[in-house]
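Novice: sequence first, then the predicted structure, then my questions.
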Amino acid sequence: MPVSRMRMRPWLEDMIDSNSVAGLVWVDKEKKMFSIPWKHAARHGWEMDKDACLFKQWAIHTGKFKPGITEPDPKTWKANFRCAMNSLPDIEEVKDKSINKGCEAVRVYRMLQVVKNKSKRSSKSLESRRRKRVSR
């Protein structure tokens with residue numbers, strides 16, 4: 001039987017509102033823009049408990065990490081989190097506001113208005129299929 005859990009967007013909103021992860025904040029709450037600390041693990045001063053906290057919390061939430069049972073794997077936690085974020089049709093990265101390098105590296109995302117449509121396919125997948133057809 002599948003485990004029931006909160007979907008990523010409401011989970012993220014709860015995490016931002018709880019102020020439990022340093023640096024995970026609303027940039028503009030009205031526009032639903034928020035930033036996620038995204039420091040590279042190879043950087044000097046990187047700490048798992050500080051810099052991978054959100055990714056760890058998501059891994060725990062999804063059951064991919066069980067503290068005390070499975071080995072910590074922050075690289076995989078971050079990759080899984082990034083893939084989950086990229087697959088959401090109602091959240092997009094605001095690339096011109098993100099900072100990719102250095103101690104202050106962050107990714108800024110925007111939560112889009114949820115549009116209910118009859119199609120089961122997401123708008124992201126429809127858009128990618130359109131792009132593939134045009135490029136052929």
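Specialist: Received the coordinates, thanks.
Novice: with only the CA atoms kept, save the helix or strand encompassing residue 82 in PDB.
Specialist: Residue 82 belongs to helix 74-87 when elements are defined using DSSP states H and E. This file holds the C-alpha atoms of helix 74-87, laid out as PDB (Å, rounded to 0.1, in the frame of the first residue of the first chain):
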ATOM      1  CA  PRO A  74      23.500  14.800   0.800                       C
ATOM      2  CA  LYS A  75      24.500  14.700  -2.900                       C
ATOM      3  CA  THR A  76      21.600  12.300  -3.700                       C
ATOM      4  CA  TRP A  77      19.200  14.300  -1.500                       C
ATOM      5  CA  LYS A  78      20.000  17.500  -3.400                       C
ATOM      6  CA  ALA A  79      19.700  15.700  -6.800                       C
ATOM      7  CA  ASN A  80      16.400  14.200  -5.900                       C
ATOM      8  CA  PHE A  81      15.100  17.500  -4.600                       C
ATOM      9  CA  ARG A  82      16.300  19.300  -7.800                       C
ATOM     10  CA  CYS A  83      14.600  16.700 -10.000                       C
ATOM     11  CA  ALA A  84      11.400  16.900  -8.000                       C
ATOM     12  CA  MET A  85      11.400  20.700  -8.300                       C
ATOM     13  CA  ASN A  86      12.000  20.600 -12.000                       C
ATOM     14  CA  SER A  87       9.200  18.100 -12.500                       C
END
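Novice: look up the closest residue to the most centrally placed residue in the chain, ignoring the ones flanking it.
Specialist: Nearest to the geometric centre of the chain sits residue 85, at 4.1 Å (Cα atoms, centre = their mean). Excluding its sequence neighbours, the residue lying closest to residue 85 (Cβ to Cβ, 6 or more residues apart in numbering) is residue 91, at 6.2 Å. (Glycine included, C-beta is placed from N, CA and C.)
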